[in-house]
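*Asks:* A structural model of the following input is requested.
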Amino acid sequence: RVYISYDYAFPNNIPEQKRKSRWWVMWYYLQERRHSRGWHWWKTLLGLLYDPIHAVCVTALIQKIVLDQICDPDVSGNKPLELCAVGLCQFASTALLRWGDKVATENRGRTGGTRMVHRQQ
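*Replies:* Model prediction:
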C-alpha cells in the first residue's frame with residue numbers, strides 16, 4: 001500500500017490562502033531555493049549583482065571621463081597619468097566582474113542540485 005501525505009505544500013510549505021497569488025508563490029519558491037542551496041545561494045546572488053553595475057555605471061562613467069576630460073585639450077591636467085588611473089579603474093572593475101562571474105558559476109548548482117530537489121517533489 002501507498003499512503004500519500006499532504007503535510008507539506010511546495011514551495012516552502014506555502015499556506016493555503018497564499019497559493020492563489022503568483023507573487024506569494026514566487027516568494028515562497030525563492031525561499032525554498034535559498035533554504036535548499038544554503039550559502040551557495042547567497043554567493044551566486046552576490047556574484048551576479050556586480051554585472052549590471054559594471055556594464056551600466058562603471059564602463060559608461062569611465063568612457064565619459066575619457067572623452068569629456070582626458071581627450072579635451074581645453075581641460076588642464078596630467079593627461080597620461082589621468083588616463084593610466086582611469087585605465088586602472090577599468091581593469092579593477094573588469095577583474096571584479098570576472099571574479100563575480102567565477103563565484104556565480106561555481107556556486108549556481110548546474111550539476112543538478114536544484115533540479116534534483118524538483119524531481120523529489
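*Asks:* any chance you could map the helices in the protein?
*Replies:* 22-37, 39-52, 59-65, 79-107, 113-120 (DSSP state H).
*Asks:* just the pLDDT at the residue nearest the centre of the chain, thanks.
*Replies:* Nearest to the geometric centre of the chain sits residue 48, at 2.1 Å (Cα atoms, centre = their mean). Note on residue 48: pLDDT of 86.
*Asks:* which residue comes closest to it once chain neighbours are left out?
*Replies:* residue 104 (5.0 Å; Cβ to Cβ, 6 or more residues apart in numbering). C-beta here means a position set from N, CA and C on the backbone, and glycine is covered the same way.
*Asks:* would you turn the helices of the chain into CSV with distance to residue 10?
*Replies:* Shown next, in CSV, are the helices of the chain (distance: least, Cβ to Cβ, whole Å):
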stretch, distance to residue 10
helix 22-37, 7
helix 39-52, 17
helix 59-65, 41
helix 79-107, 23
helix 113-120, 9
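*Asks:* no further queries at this time; thank you.
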